[in-house]
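Participant: 3D, please:
(one chain, ligands or ions: 2)
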Amino acid sequence: LDAPRAEKDLQLTRILVTAGPTHEAIDPVRYIANASTGKMGYAIAAAAARRGAQVTLVSGPTALQVPEGVVRMDVTSAQEMYEAAMAAFPGCDAAICTAAVADYTPAAPADHKLKKAHEHLNSIELVETRDILASLCSQKGERVVVGFAAETNDLLANAQAKLVRKGADLIVANDVSRRDSTFGADTSRIALVSPVGVTQRETRPLPEVADDVLDATRDLLRGRA
Ligand code: CTP
Ligand code: CA
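Facilitator: Ligands and ions are numbered 1, 2, ... in the order given. Below you'll find the model as predicted:
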């Protein structure tokens, strides 16, 4: 196994990481969420800080501790994550979007706890959220933007489509139908999908996957310099 990178090869590099799920309020006590734990994004934030980067971690609700040397901004909803990420991005050199952002949010969350005896709720009207990764890409200039694609089928085709649709420099694809690569796992099996091609990796512990994603990000940044 590779040892964690010891050298400070990301010194003076400012990296924005989005991580975790978002919670979309239905009423003050209920929300729509997803299975993301934030582990991948936190592993990337921790590894980047260890390698000398200045890391801003915009995090949805997770059970994880702030990694050493990382500045965390806590958010709840997709809209809050959008605002925090867009505000932090101009001061960064690269963004790595690992968050599982809700694609839809309730159109009109109730301001009181819904009662089953009174409201007979049988559907919730949803509206689309904003795409943070695509928005960052539209303003990226010389910055590097990396996205993730968690898929259960057609992994590489979906990842390639996201690379083009969003305008990212790199998409990290992982097959969440595999037990060794799913939400909450301590390992991941990724493929790096870029305009020049696809590199498939073996299943590895998250800290090694994090270093791999950061190596690719660093190389893209060097290519710009
Ligand atoms: N993403 C984002 N903001 C959103 C939706 C997605 O920043 N509102 C980012 C994720 O952080 C990830 C990438 O876009 O880096 C791909 O997310 P994914 O959910 O796989 O893509 P979608 O375009 O939402 O497509 P779908 O969920 O239909 O597969
Ligand atoms: Ca999505």
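Participant: give the contact list for the most centrally placed residue in the chain.
Facilitator: Closest to where the C-alpha atoms of the chain average out (CA atoms, centre = their mean) is residue 98, at 1.4 Å. Going by CB atoms under 8 Å, 6 or more residues apart in numbering, residue 98 touches 17, 18, 19, 38, 40, 41, 44, 148. In this view, the C-beta of every residue, glycine as well, is placed from N, C-alpha and C.
Participant: which residues touch residue 71?
Facilitator: 54, 55, 56, 57.
Participant: what about it, distance to ligand 1?
Facilitator: 19 Å (CB to the nearest ligand atom, to the nearest Å).
Participant: can you list the buried residues in the strand or helix carrying that residue?
Facilitator: Using DSSP states H and E, residue 71 falls within strand 70-74. Residues of strand 70-74 classed as buried: 70, 72, 73 (neighbour count, 16 or more other CB atoms under 10 Å).
Participant: before we move on, what about stretch 216-223?
Facilitator: Across stretch 216-223, burial judged by 16+ other CB under 10 Å covers 216, 217, 218, 220, 221.
Participant: from what I can see the second one touches residue 97, true?
Facilitator: No. Residue 217 is beyond contact range of residue 97, at 11.6 Å (criterion: CB atoms under 8 Å).
Participant: identify the contacts common to these two.
Facilitator: Common neighbours of residue 217 and residue 97, using CB under 8 Å, 6+ apart, are residue 146.
Participant: give the pairing partners of the host helix or strand of residue 150; include direction for each.
Facilitator: Using DSSP H and E, residue 150 maps to strand 144-151. Sheet pairing of strand 144-151 (DSSP bridges) gives strand 94-97 (parallel), strand 170-175 (parallel).
Participant: what sits up against it?
Facilitator: Counting by CB under 8 Å, 6+ apart, 40, 93-98, 100, 133, 136-137, 155, 158-159, 162-163, 166-177, 183, 193, 213, 216-217, 220-221, 224 sit against strand 144-151.
Participant: farthest pair within the contacts of residue 98?
Facilitator: Farthest pair in those (CB to CB) is 38 and 148. Separation: 12.2 Å.
Participant: helix or strand next in line after the strand holding residue 150, which one?
Facilitator: The first helix or strand that comes after strand 144-151 along the chain, using DSSP H and E, is helix 155-166.
Participant: flag every buried residue along that following helix.
Facilitator: Residues of helix 155-166 classed as buried: 155, 156, 158, 159, 160, 162, 163, 166 (neighbour count, 16+ other CB under 10 Å).
Participant: out of those, which are close to ligand 1?
Facilitator: Filtering the buried residues of helix 155-166 for proximity to ligand 1 by CB under 6 Å from any ligand atom leaves residue 162.
Participant: lowest-pLDDT helix or strand in this protein?
Facilitator: None of the helices or strands of the chain scores lower by mean pLDDT, DSSP states H and E than helix 116-119, at a mean of 85.
Participant: export that one as PDB, just CAs?
Facilitator: Listed next in PDB are the C-alpha coordinates belonging to helix 116-119 (Å, rounded to 0.1, in the frame of the first residue of the first chain):
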ATOM      1  CA  LYS A 116     -51.500  13.700   9.300                       C
ATOM      2  CA  ALA A 117     -55.100  14.200  10.600                       C
ATOM      3  CA  HIS A 118     -55.400  17.700   9.000                       C
ATOM      4  CA  GLU A 119     -53.400  18.000   5.800                       C
END
